[in-house]
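[1] just coords:
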């Protein structure tokens, strides 16, 4: 909350010079205006329009999520009145114009191949820099320059139209600059990056009816408003929410599906984020004095969170008696849900036990993993309860692929949330944000961009831990493909700063643990050695790794292992066997199992005892796995696929979640030989 307030105050200060009372000059009165740095403006007269979507979309612009009536956040459609005229820049601010305010920005021209010329739209500018440009221009000229409100932007874009675009229900090819999903600059997908260097020159297409250029595409444009749901009431001069986490962007950009270029489409970004898709345009006119809306209510997973630590938190099942419970489904989303939660695809979880004893699980929810709709959901199993709550939204920068969540509890008071953040669709160019909670997930800090560059080696893996010397280790996939390895990022100051250790683990989605002598050991997916899962060892905190074959079968698509050191000392691996895997049962005989299994090492990975499948050992029953697919759980077979996350409670109970189910067991159960036949 403190972060929200600080960001909100900064935003208000940025616009403090943009009120009519502060300006020494009178506003211009003509239809057009050119200022001292040759920015062209047109007068936008007052008026009323219908803001928001909901109408069926033409087949050609339905997005891959299949949202045929637009995004959920475009509703409700309501009447909006703009009560005062204002002037809007006819085009986006250019490099030449912006660099009169910030000459150092010229060093960013051509970064990742974009915006090299004077007359191209400026990019790599965050919201605060755009606001400061407006403040500088206001001081220079004595006129109230500022960013447009979201309502002003849509009103001006529509220019009296009610169609999907201000030129009709179709957008001509001249508006489309590599329209579609983008992996750029991901070298793993070079075949999808034809014409990687794109010109972003302004005024290359016809203006709308009110004389404004580039309202569909070219670059996204920062707006004044904090992002939040629309209020259903008809409104005059809305200014968004009083506080928030994301600032609205509008208009879509190059390298974007046509769906996201519509007049009504809402996007947003963390105000500190800057990349090659976002620029801005300026308006001239006093800021509306409308009172902003209050922030939205907290989501279900954040409501009524108890802060007291239960007296019996460390008390659990007898540690000497095998204990197993599950599976229990934790992904509970109504069938047919199409935003902000999606019933179609739910995967890639993270799990922590909170200081108050609750279990908190998060995972991504989407229709397609490459899509811009991909968001993060959450569910809570409250301490003492037996059923997980219904899912609720947890984190989503609107219209950005919010990929690869991870969480970690420091064992004291703080939960860490890490998340990959794409510029648009796909998990190629990711930055990484970090938030913390000191109240069991009831509230979260303002997101810090701990790895602000959108690039490779930033796809978070759910295997965060603290080394003996206090260093926090955050693994991240080094590539976006199925093979190529995992990087680790290190923080020696409780998450304030991070550095890439430099080396690469064999295998993506790697689980990492520290050995007794301070070395790191990792197991991952892909990059197999002699047909076995690769094992990587580092003696210098990840700067260099050596590789060898492990005793385990490799895993593949739809599968992610977990590797952790238990409180009692041994290292636990939970992974998958596609082919029959031999084990020794309670009768001393050897038999085979398939699916999810556990293995323990009591000598830091030198030898392993493959003990048992993660199963209730029954005669066989149908259970859901990823996305509701059915498998047979029995004494011989366990869940065949899913991404895994694991945590061990103070009571010693080990909590394991797949992409659908929650299992709980203790070390005694892992150490017990599996039965020789089904348990009734």
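    Alright, I've got the coordinates. Keep in mind that what you see is a predicted model, and the values were worked out from it rather than measured. Numbering: from 1, shown residues only.

[2] from here on, just use CA atoms for contacts and neighbour counts.
    Will do.

[3] and the lengthiest helix in the chain, what does it pack against?
    In the chain, taking DSSP state H as the definition, the longest helix is helix 127-141. Secondary-structure packing of helix 127-141 (3 or more CA pairs under 8 Å, 6 or more residues apart in numbering; DSSP states H and E): helix 2-14, helix 95-101, strand 145-146.

[4] surely residue 281 meets residue 91?
    Yes - between residue 281 and residue 91 there is a contact under CA atoms under 8 Å: 6.6 Å.

[5] part of a strand, is residue 107?
    No - using DSSP: H, G, I helix; E, B strand; the rest coil, the secondary structure at residue 107 is helix, not a strand.

[6] dump the residue contacts of it.
    Taking CA atoms under 8 Å, 6 or more residues apart in numbering, we find residue 107 in contact with no residue.

[7] give me the three-state assignment for residue 622.
    On the basis of three-state DSSP, residue 622 is classed as strand.

[8] so what sits opposite it in the bridge?
    residue 632 (DSSP bridges).

[9] how many residues are close by it?
    11 (other CA atoms under 10 Å).

[10] residue 274 contacts residue 126, doesn't it?
    Yes - between residue 274 and residue 126 there is a contact under CA under 8 Å: 4.8 Å.

[11] before we move on, the earlier item: now the longest helix of the chain: mean pLDDT?
    In this model, helix 127-141 carries a mean pLDDT of 98.

[12] got it, and stretch 661-673?
    Stretch 661-673 comes out at a mean pLDDT of 97.

[13] hmm, who's touching that stretch?
    Everything outside stretch 661-673 that qualifies as a contact, by CA under 8 Å, 6+ apart, is 319-331, 584-586, 598, 611-612, 624-625, 652-657.

[14] got a ChimeraX select line for the buried ones in those?
    Restricted to buried positions by 16 or more other CA atoms under 10 Å, the ChimeraX selection for those reads:
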select :323,324,327,328,329,330,331,584,585,598,611,612,624,625,652,653,654,655,656,657
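
[15] next secondary structure after the one helix or strand in the chain whose mean pLDDT sits lowest?
    Lowest mean confidence among the helices and strands of the chain (mean pLDDT, DSSP states H and E): helix 2-14, at a mean of 39. Once the chain leaves helix 2-14, the next helix or strand it forms, by DSSP states H and E, is strand 32-34.

[16] which SSE is immediately downstream of that next one?
    Past strand 32-34, the next helix or strand by DSSP H and E is strand 40-44.

[17] would you pull up how far that following strand lies from the middle of the chain?
    Computed by CA atoms, centre = their mean, to the nearest Å, the chain-centroid distance of strand 40-44 equals 37 Å.

[18] can you offset everything so residue one is 6?
    Okay, using 6 as the starting number, the last item reads as strand 45-49.

[19] so what does it touch, helix or strand wise?
    Strand 45-49 packs on strand 37-39, strand 91-94, going by 3+ CA pairs under 8 Å, 6+ apart.

[20] deepest of those strands, which one?
    strand 91-94 (a mean of 25; mean count of other CA atoms under 10 Å).

[21] neighbouring contacts of that strand?
    44-51, 217, 286-291.

[22] pick out the most distant pair among the residues you listed.
    44 and 51 (21.9 Å; CA to CA).

[23] please say which of the two ends up with more neighbours.
    Comparing residue 44 with residue 51 by other CA under 10 Å, the one with more neighbours is residue 44, at 17 against 13.

[24] which residue, other than its chain neighbours, is closest to that one?
    residue 94 (6.9 Å; CA to CA, 6 or more residues apart in numbering).

[25] with residue 223 instead?
    Per CA to CA, 6+ apart, closest to residue 223 is residue 258, 4.6 Å.

[26] all strands of the stretch 406-555 of the chain, in order?
    410-414, 420-427, 435-442, 453-460, 464-465, 470-471, 477-482, 491-496, 504-505, 513-519, 525-530, 539-543, 551-554 (DSSP state E, counting those that start in this stretch).

[27] buried residues in the fourth one?
    Buried residues in strand 453-460, counting neighbours by 16+ other CA under 10 Å, are found at 453, 454, 455, 456, 457, 459, 460.

[28] what do you get for the second one?
    Going by neighbour count (16+ other CA under 10 Å), the buried part of strand 420-427 is 420, 421, 422, 423, 424, 425, 426, 427.

[29] looking at these, which is nearest residue 60?
    residue 427 (28.5 Å).

[30] my read: the closest one touches residue 435, true?
    Yes - the criterion here is CA under 8 Å, and residue 427 meets it with residue 435 at 4.5 Å.

[31] between these two, which contacts overlap?
    residue 459.

[32] what about the helices and strands packed on strand 45-49, which gets the closest to residue 145?
    Nearest to residue 145, of the helices and strands packed on strand 45-49 and by CA to CA, is strand 37-39 at 14.1 Å.

[33] look up how far residue 516 lies from residue 419.
    22 Å (CA to CA, to the nearest Å).

[34] ditto for residue 430
    On the measure of CA to CA, residue 430 and residue 516 end up 26 Å apart.
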